[in-house]
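K.L.:
have a look at this fold, sequence not included:
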(Lines give C-alpha, C1' and ligand atoms only; values in the text may rest on other atoms or scores of the structure.)
Protein backbone atom coordinates (compact mmCIF):
# COMPACT_ATOMS: atom_id res chain seq x y z
CA UNK A 1 0.00 0.00 0.00
CA UNK A 2 1.12 3.56 -0.74
CA UNK A 3 1.02 4.79 2.87
CA UNK A 4 3.22 1.85 3.95
CA UNK A 5 5.81 2.79 1.31
CA UNK A 6 5.79 6.42 2.47
CA UNK A 7 6.13 5.34 6.11
CA UNK A 8 9.12 3.14 5.27
CA UNK A 9 10.73 5.91 3.23
CA UNK A 10 10.17 8.39 6.09
CA UNK A 11 12.05 6.09 8.47
CA UNK A 12 14.98 5.90 6.02
CA UNK A 13 15.30 9.68 5.51
CA UNK A 14 18.04 10.27 8.18
CA UNK A 15 20.20 7.52 6.65
CA UNK A 16 19.47 8.80 3.15
CA UNK A 17 20.63 12.28 4.13
CA UNK A 18 23.82 10.80 5.57
CA UNK A 19 24.51 8.60 2.53
CA UNK A 20 24.32 5.39 4.56
CA UNK A 21 21.77 3.42 2.52
CA UNK A 22 22.34 0.52 0.18
CA UNK A 23 21.76 1.16 -3.54
CA UNK A 24 18.35 -0.57 -3.45
CA UNK A 25 17.21 1.40 -0.40
CA UNK A 26 18.46 4.66 -1.92
CA UNK A 27 16.56 3.96 -5.14
CA UNK A 28 13.43 3.19 -3.10
CA UNK A 29 13.65 6.49 -1.17
CA UNK A 30 14.29 8.54 -4.32
CA UNK A 31 11.25 6.96 -5.99
CA UNK A 32 9.07 7.87 -3.02
CA UNK A 33 10.49 11.40 -2.93
CA UNK A 34 9.59 11.91 -6.58
CA UNK A 35 6.00 10.85 -5.87
CA UNK A 36 5.43 12.73 -2.59
CA UNK A 37 6.14 16.49 -2.14
CA UNK A 38 5.51 16.23 1.62
CA UNK A 39 8.32 13.70 1.89
CA UNK A 40 10.58 16.16 0.05
CA UNK A 41 9.84 18.83 2.69
CA UNK A 42 10.66 16.35 5.46
CA UNK A 43 13.97 15.49 3.76
CA UNK A 44 14.84 19.17 3.58
CA UNK A 45 14.16 19.51 7.32
CA UNK A 46 16.32 16.47 8.08
CA UNK A 47 19.17 17.90 6.00
CA UNK A 48 18.93 21.28 7.75
CA UNK A 49 18.94 19.59 11.13
CA UNK A 50 21.97 17.52 10.16
CA UNK A 51 23.89 20.61 9.04
CA UNK A 52 22.98 22.43 12.26
CA UNK A 53 24.24 19.53 14.37
CA UNK A 54 27.51 19.34 12.45
CA UNK A 55 28.11 23.09 12.80
CA UNK A 56 27.31 23.10 16.52
CA UNK A 57 30.53 23.93 18.41
CA UNK A 58 31.79 21.28 20.83
CA UNK A 59 31.84 22.73 24.31
CA UNK A 60 34.29 21.34 26.88
CA UNK A 61 34.28 22.06 30.62
CA UNK A 62 36.86 24.46 31.94
CA UNK A 63 39.89 23.25 33.89
CA UNK A 64 38.44 24.63 37.14
CA UNK A 65 35.17 22.76 36.57
CA UNK A 66 37.03 19.54 35.81
CA UNK A 67 39.06 19.89 39.01
CA UNK A 68 35.93 20.47 41.09
CA UNK A 69 34.32 17.42 39.50
CA UNK A 70 37.32 15.21 40.33
CA UNK A 71 37.40 16.53 43.90
CA UNK A 72 33.70 15.83 44.34
CA UNK A 73 34.11 12.24 43.07
CA UNK A 74 37.15 11.65 45.30
CA UNK A 75 35.27 12.98 48.35
CA UNK A 76 32.45 10.52 47.93
CA UNK A 77 32.70 7.67 50.47
CA UNK A 78 33.34 4.29 48.90
CA UNK A 79 30.54 1.85 49.52
CA UNK A 80 31.51 -0.74 52.11
CA UNK A 81 30.99 -4.38 51.22
CA UNK A 82 27.56 -5.59 52.15
CA UNK A 83 27.54 -7.05 55.65
CA UNK A 84 24.88 -9.50 54.54
CA UNK A 85 27.17 -11.05 51.92
CA UNK A 86 29.29 -13.15 54.26
CA UNK A 87 26.41 -14.60 56.31
CA UNK A 88 24.64 -15.47 53.08
CA UNK A 89 27.82 -17.08 51.73
CA UNK A 90 28.18 -19.12 54.92
CA UNK A 91 24.51 -20.14 54.79
CA UNK A 92 24.90 -21.21 51.16
CA UNK A 93 27.97 -23.27 52.06
CA UNK A 94 26.26 -25.01 54.98
CA UNK A 95 23.15 -25.76 52.94
CA UNK A 96 25.30 -27.11 50.10
CA UNK A 97 27.17 -29.39 52.52
CA UNK A 98 23.92 -30.64 54.06
CA UNK A 99 22.45 -31.27 50.61
CA UNK A 100 25.62 -33.09 49.48
CA UNK A 101 25.58 -35.35 52.55
CA UNK A 102 21.91 -36.18 52.01
CA UNK A 103 22.39 -36.96 48.32
CA UNK A 104 25.59 -38.90 48.99
CA UNK A 105 23.93 -41.12 51.58
CA UNK A 106 20.78 -41.57 49.49
CA UNK A 107 22.24 -42.13 46.03
CA UNK A 108 25.63 -43.59 47.09
CA UNK A 109 27.84 -42.58 44.15
CA UNK A 110 30.58 -45.20 44.11
CA UNK A 111 31.63 -48.62 42.88
CA UNK A 112 28.74 -51.07 43.18
CA UNK A 113 29.34 -54.74 43.81
CA UNK A 114 26.59 -57.30 43.21
CA UNK A 115 26.59 -61.03 43.89
CA UNK A 116 24.20 -63.95 44.13
CA UNK A 117 23.88 -66.32 47.10
CA UNK A 118 24.73 -69.90 46.17
CA UNK A 119 23.92 -71.46 49.53
CA UNK A 120 21.07 -71.15 52.01
CA UNK A 121 23.12 -71.61 55.20
CA UNK A 122 25.16 -68.43 54.82
CA UNK A 123 24.83 -65.94 57.65
CA UNK A 124 27.00 -63.02 56.57
CA UNK A 125 28.95 -61.69 53.60
CA UNK A 126 32.21 -59.85 54.20
CA UNK A 127 33.42 -57.39 51.58
CA UNK A 128 37.19 -56.87 51.33
CA UNK A 129 39.12 -54.24 49.39
CA UNK A 130 42.76 -53.70 48.46
CA UNK A 131 44.68 -51.46 46.09
CA UNK A 132 45.45 -53.05 42.75
CA UNK A 133 48.35 -55.54 42.85
CA UNK A 134 48.28 -55.58 46.65
CA UNK A 135 47.55 -58.60 48.86
CA UNK A 136 46.63 -56.51 51.92
CA UNK A 137 42.85 -56.72 51.84
CA UNK A 138 40.84 -54.70 54.35
CA UNK A 139 37.35 -55.55 55.58
CA UNK A 140 35.13 -52.62 54.58
CA UNK A 141 31.60 -53.99 55.12
CA UNK A 142 29.59 -56.90 56.47
CA UNK A 143 26.26 -57.64 54.80
CA UNK A 144 23.90 -59.84 56.79
CA UNK A 145 22.28 -62.69 54.88
CA UNK A 146 18.48 -62.66 54.87
CA UNK A 147 16.14 -65.62 54.42
CA UNK A 148 14.76 -65.91 50.90
CA UNK A 149 17.12 -63.26 49.48
CA UNK A 150 19.53 -64.38 46.78
CA UNK A 151 20.66 -61.07 45.28
CA UNK A 152 22.94 -58.79 47.30
CA UNK A 153 24.78 -55.59 46.55
CA UNK A 154 27.12 -53.14 48.22
CA UNK A 155 28.35 -49.73 47.04
CA UNK A 156 31.78 -48.51 48.04
CA UNK A 157 31.65 -44.71 48.29
CA UNK A 158 34.90 -44.14 50.19
CA UNK A 159 37.20 -43.88 47.18
CA UNK A 160 40.47 -42.07 46.57
CA UNK A 161 40.95 -40.29 43.22
CA UNK A 162 43.11 -42.09 40.70
CA UNK A 163 43.00 -45.43 42.51
CA UNK A 164 42.15 -48.86 41.14
CA UNK A 165 40.73 -51.29 43.69
CA UNK A 166 40.43 -55.06 43.94
CA UNK A 167 37.41 -56.55 45.72
CA UNK A 168 36.56 -59.94 47.15
CA UNK A 169 33.41 -61.16 48.91
CA UNK A 170 33.65 -63.81 51.61
CA UNK A 171 30.59 -65.85 52.49
CA UNK A 172 30.45 -67.24 56.05
CA UNK A 173 28.27 -70.27 56.85
CA UNK A 174 26.59 -71.18 60.11
CA UNK A 175 29.20 -73.84 60.84
CA UNK A 176 31.99 -71.28 60.49
CA UNK A 177 33.19 -72.42 57.10
CA UNK A 178 33.65 -69.79 54.50
CA UNK A 179 34.32 -69.34 50.82
CA UNK A 180 35.81 -66.50 48.76
CA UNK A 181 34.53 -65.06 45.52
CA UNK A 182 36.65 -64.27 42.52
CA UNK A 183 38.58 -61.00 42.60
CA UNK A 184 37.21 -58.11 40.60
CA UNK A 185 38.88 -54.75 39.91
CA UNK A 186 37.36 -51.34 39.32
CA UNK A 187 38.81 -47.80 39.02
CA UNK A 188 37.60 -45.02 41.28
CA UNK A 189 37.08 -42.86 38.18
CA UNK A 190 34.06 -45.05 37.43
CA UNK A 191 32.13 -43.12 40.08
CA UNK A 192 33.56 -39.68 39.27
CA UNK A 193 30.84 -38.40 36.85
CA UNK A 194 28.03 -39.07 39.33
CA UNK A 195 30.05 -37.66 42.22
CA UNK A 196 30.75 -34.42 40.33
CA UNK A 197 27.09 -34.17 39.34
CA UNK A 198 26.03 -34.42 42.98
CA UNK A 199 28.65 -31.85 43.99
CA UNK A 200 27.51 -29.25 41.44
CA UNK A 201 23.86 -29.97 42.21
CA UNK A 202 24.51 -29.46 45.93
CA UNK A 203 26.22 -26.11 45.30
CA UNK A 204 23.32 -24.93 43.15
CA UNK A 205 20.77 -26.14 45.70
CA UNK A 206 22.65 -24.46 48.54
CA UNK A 207 22.68 -21.11 46.73
CA UNK A 208 19.02 -21.45 45.73
CA UNK A 209 17.85 -22.37 49.23
CA UNK A 210 19.86 -19.51 50.73
CA UNK A 211 18.35 -17.01 48.27
CA UNK A 212 14.88 -18.40 48.91
CA UNK A 213 15.34 -18.06 52.66
CA UNK A 214 16.61 -14.50 52.31
CA UNK A 215 13.66 -13.49 50.12
CA UNK A 216 11.27 -15.02 52.65
CA UNK A 217 12.86 -13.04 55.49
CA UNK A 218 12.61 -9.84 53.44
CA UNK A 219 8.93 -10.44 52.79
CA UNK A 220 8.29 -11.14 56.46
CA UNK A 221 10.13 -7.95 57.44
CA UNK A 222 8.20 -5.92 54.86
CA UNK A 223 4.93 -7.43 56.06
CA UNK A 224 5.74 -6.61 59.68
CA UNK A 225 6.68 -3.02 58.76
CA UNK A 226 3.47 -2.64 56.75
CA UNK A 227 1.34 -3.91 59.67
CA UNK A 228 2.98 -1.54 62.14
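P.N.:
Everything's here; your move. Source: prediction; values computed, not measured.
K.L.:
show me where pLDDT drops low in this protein?
P.N.:
Scanning the chain for pLDDT under 70 picks out 1-3, 52-61, 76-85, 225-228.
K.L.:
which segments of it make up each domain?
P.N.:
Following automatic domain parsing, the chain resolves into domains at 2-55, 85-103+195-227, 111-189.
K.L.:
dump the ones you listed into a markdown table; add mean neighbour count as well.
P.N.:
For the C-beta atoms, the positions are set from N, CA and C on the backbone; glycine is no exception. Shown next, in a markdown table, are the domains of the chain (neighbours: other C-beta atoms under 10 Å):
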| stretch | mean neighbour count |
| --- | --- |
| domain 2-55 | 13 |
| domain 85-103+195-227 | 14 |
| domain 111-189 | 14 |
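K.L.:
could you dump these into TSV with distance to residue 71 added?
P.N.:
Shown next, in TSV, are the domains of the chain (distance: least, C-beta to C-beta, whole Å):
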stretch	distance to residue 71
domain 2-55	33
domain 85-103+195-227	31
domain 111-189	57
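K.L.:
so which of these is nearest residue 64?
P.N.:
domain 2-55 (27.7 Å; C-beta to C-beta).
K.L.:
distance between that closest one and the chain's centre?
P.N.:
Computed by C-alpha atoms, centre = their mean, to the nearest Å, the chain-centroid distance of domain 2-55 equals 49 Å.
K.L.:
picking up where we left off before, quick check: which of the domains of the chain is nearest to residue 73?
P.N.:
Proximity to residue 73 (C-beta to C-beta) singles out domain 85-103+195-227 among the domains of the chain, at 24.9 Å.
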